[in-house]
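S.K.: below are the sequence and a predicted model for it; my questions follow.
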There are 2 protein chains.
Amino acid sequence: MAHREFKRKIYAEFARIGNALGSARRLELLDLLAQGPRHVEALAIETDMSVANVSQHLQVLRQARLVDAEREGAKALYRLADKHVLDLWLTLRSVAEERFADLGQFRREVDVYDEDSLVPRDELESLIRDRTAVLIDTRPTREYEHGHLPEAISMPMDELPKRLHELPQDRPIIAYCRGDYCLFADEAVALLREKGFEAHRLEGGWPEWWAEDRAVAGGG
Amino acid sequence: MAHREFKRKIYAEFARIGNALGSARRLELLDLLAQGPRHVEALAIETDMSVANVSQHLQVLRQARLVDAEREGAKALYRLADKHVLDLWLTLRSVAEERFADLGQFRREVDVYDEDSLVPRDELESLIRDRTAVLIDTRPTREYEHGHLPEAISMPMDELPKRLHELPQDRPIIAYCRGDYCLFADEAVALLREKGFEAHRLEGGWPEWWAEDRAVAGGG
DNA sequence: TCTTTATTCAAGCGTTCAATTGATTACTAT
DNA sequence: ATAGTAATCAATTGAACGCTTGAATAAAGA
């Protein structure tokens, strides 16, 4: 094969993947799929898009081999094609964070955000093992069931207000959710503090934890 | 700030970067810039594009903060914005390699390719230190000068045929170039073997080496 | 079998994108 | 000043994209 032809072909393949990452809507879908597999309609509801539009974006992601679909009777279950796709997404995000100052700015403008009490992932394991803190997963139940951090208690954000009595007052509570740009954990921390608990937010969420090959629970 | 507005904004920022990665031409430029800084015209010549077209693609990359420009009088010198951009590009490429079988296929169809004698990067350091092998950099001189592997001898592919006498016949020669998808090193290995040398190709090239924070030489 | 549900396909329309061309700006050298 | 060089800008073209709408499948349930 000629050199120029070879180059043209390989860059075209790489660009196919880049192109799939070039739409905010598709990244939103990818980010949701990083939490666990989902049906088309669920994605449409969560992202506020039409089902047809979601379906078409999923085709693009699928042609770029970033997601896989599995048919379950009438439904189609989509998931990330593999863990390296998550790596790619997280790398893209971290480059964006470094290079765009306004991303951090947006974050800080969100009212529930508290920058100072983030718990690094490396510190979490010992805190939980020694039972010096309690870990709660504030994502929807479905996502918790698909996979969660070891020892984490499922406490979806919408149930939290009526389940406060289940949490200890004498130990700090650490909340996590879908990741750095998800606000469930921030809301949980804000609510818990208002009610007199000591609460902190884990740095990152399920995808960051999972991508780093740390111990996990649940799923199958 | 409202949640939905927040989400829309951050995904739009992420997509700006994804979008910049969604053109084969821009990836070609990025890949060249991974070798070292370059002027617009040099990029145009190497990629066979018009200067105006290159300039416009560079604007897109610059708006995505993937490259930076520095003015040198009448000229503009472009470079990767930082090392994390290289990480992103290499991650994208490795996802592509895993997910698209035909990429490896294209590679194997190139006549000078020899899959079996790749030297892993981890083995290189001891081979060079003990002087059991000689390392040659087959990229153009400019790129060698910008930065190269320790102990590497500059031996640009187009000069190699008339400089064979500089190389030892009693030790293996290891060649590297711009990376996995660059063919200079393959060509060098093919030529050297034809002339009776023992020759091997390093796995990856300068960008892969540099991205892994290994020891380097040259540059400034 | 007929309906319902979940998803994909196909057509259409306005928008954005890639590449070309020629003009323009900014600097250098004579 | 004047010519030359390097890069960018502006206007244009056709192609590709994003989203909507409505039809087409394909499986599940009555």
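M.R.: Sure thing, it's come through.

S.K.: C-alpha only now, for contacts and for neighbours.
M.R.: Fine.

S.K.: need the CA coordinates for stretch A:162-178. CSV is fine.
M.R.: Taking Å, rounded to 0.1, in the frame of the first residue of the first chain, the C-alpha atoms of stretch A:162-178 are listed here in CSV:
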residue,chain,number,x,y,z
LYS,A,162,-37.1,11.1,54.1
ARG,A,163,-34.3,8.6,55.0
LEU,A,164,-32.1,10.9,57.0
HIS,A,165,-32.8,8.8,60.2
GLU,A,166,-30.9,5.9,58.6
LEU,A,167,-27.6,7.9,58.8
PRO,A,168,-25.4,8.2,61.8
GLN,A,169,-24.9,11.7,63.4
ASP,A,170,-21.6,10.8,65.1
ARG,A,171,-19.6,10.0,61.9
PRO,A,172,-18.9,12.0,58.8
ILE,A,173,-20.9,11.1,55.7
ILE,A,174,-19.2,11.0,52.3
ALA,A,175,-21.4,11.3,49.3
TYR,A,176,-20.7,10.5,45.6
CYS,A,177,-22.6,10.4,42.4
ARG,A,178,-22.1,10.3,38.7
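
S.K.: in that stretch, what's buried?
M.R.: Applying a neighbour-count criterion of 16 or more other CA atoms under 10 Å in any protein chain shown, the buried positions in stretch A:162-178 are A:167, A:172-178.

S.K.: in chain A, what residue spans correspond to strands?
M.R.: Remark: strands assigned in chain A by DSSP state E are A:38-39, A:67-72, A:75-80, A:118-119, A:134-137, A:153-154, A:173-176, A:199-202.

S.K.: between these, which one is closest to DNA strand D.
M.R.: strand A:67-72 (6.8 Å; CA to the nearest atom of the strand).

S.K.: so what are the sheet partners of that closest one and their directions?
M.R.: When pairing is defined by DSSP bridges, strand A:67-72 lines up against strand A:75-80 (antiparallel).

S.K.: quick check, the partner strand touching DNA strand C?
M.R.: Yes. Strand A:75-80 reaches DNA strand C (CA under 7 Å from any atom of the strand) through A:75-77.

S.K.: tell me if that strand is near DNA strand D.
M.R.: No. Using CA under 7 Å from any atom of the strand, strand A:75-80 stays clear of DNA strand D, with a minimum separation of 7.8 Å.

S.K.: contacts for that strand?
M.R.: With contacts defined as CA atoms under 8 Å, 6 or more residues apart in numbering or on different chains, strand A:75-80 is touched by A:30, A:33-34, A:36-40, A:66-71, A:86.

S.K.: buried set for that strand?
M.R.: By neighbour count on 16+ other CA under 10 Å, the buried set for strand A:75-80 is A:76-80.

S.K.: what's near enough to touch A:Arg62?
M.R.: Contacts for A:Arg62 (CA under 8 Å, 6+ apart) come out as A:68-69.

S.K.: I figured A:Tyr11 was touching B:Leu29, is that so?
M.R.: No. Using CA atoms under 8 Å, A:Tyr11 is not in contact with B:Leu29, being 10.4 Å away.

S.K.: who in chain A is up against DNA strand D?
M.R.: A:22-23, A:25, A:49-50, A:52-53, A:57, A:72-74.

S.K.: show me where pLDDT drops low in chain A?
M.R.: A:1-2, A:111-116, A:220 (pLDDT under 70).

S.K.: what residue in it comes nearest to DNA strand D?
M.R.: Nearest to DNA strand D in chain A, going by CA to the nearest atom of the strand, is A:Gly73, at a distance of 3.5 Å.

S.K.: for A:His39, see how far away that residue is.
M.R.: Distance from A:Gly73 to A:His39, counting by CA to CA, to the nearest Å: 12 Å.

S.K.: neighbour-wise, which of those two wins?
M.R.: Set A:Gly73 next to A:His39 and count neighbours by other CA atoms under 10 Å in any protein chain shown: A:His39 wins out with 17 against 7.

S.K.: identify the residues contacting that one.
M.R.: Contacts of A:His39 by CA under 8 Å, 6+ apart are A:75-78.

S.K.: now with 10 Å?
M.R.: A:33, A:69-72, A:75-79 (CA atoms under 10 Å, 6 or more residues apart in numbering or on different chains).

S.K.: hey, what's it bridged with?
M.R.: Going by DSSP bridges, A:His39 forms beta bridges with A:Leu77.

S.K.: quick check on the residue nearest in space to the middle of chain A: phi, psi?
M.R.: Nearest to the mean C-alpha position of chain A, by CA atoms, centre = their mean, lies A:Arg178 at 3.4 Å. Here is the backbone geometry of A:Arg178 (degrees, to the nearest 10): phi -80, psi -10.

S.K.: quick one: it from A:Trp89, how far?
M.R.: 14 Å.

S.K.: so which residues of chain A form helices?
M.R.: Ranges of helices in chain A, per DSSP state H, are A:3-20, A:24-33, A:40-47, A:51-63, A:83-99, A:101-109, A:121-129, A:141-146, A:184-194, A:206-211.

S.K.: so is the longest one next to chain B?
M.R.: In other words, helix A:3-20. Yes. Judged by CA under 10 Å from any CA of the partner chain, helix A:3-20 comes into contact with chain B at A:3-20.

S.K.: and if you look at the second one?
M.R.: Yes. Using CA under 10 Å from any CA, we find that helix A:24-33 touches chain B at A:24-28, A:31.

S.K.: now, which of those residues sits nearest A:Leu118?
M.R.: Nearest to A:Leu118 among these is A:Asp31, at 21.5 Å by CA to CA.

S.K.: I figured the closest one hits A:Leu88, correct?
M.R.: No. A:Asp31 is not in contact with A:Leu88 according to CA atoms under 10 Å; the separation is 11.4 Å.

S.K.: of these two, who's got more company?
M.R.: Applying other CA under 10 Å to A:Asp31 and A:Leu88 shows that A:Leu88 carries more neighbours, namely 22 against 19.

S.K.: domain assignment for chain A?
M.R.: Residue ranges for the domains of chain A, per automatic domain parsing: A:3-85, A:112-211.

S.K.: for B:Leu192, find the nearest of those.
M.R.: Proximity to B:Leu192, assessed across those by CA to CA, is greatest for domain A:3-85 (19.5 Å).

S.K.: how far does that closest one sit from its chain's centre?
M.R.: Put simply, domain A:3-85 sits 15 Å off its chain's centre (CA atoms, centre = their mean, to the nearest Å).
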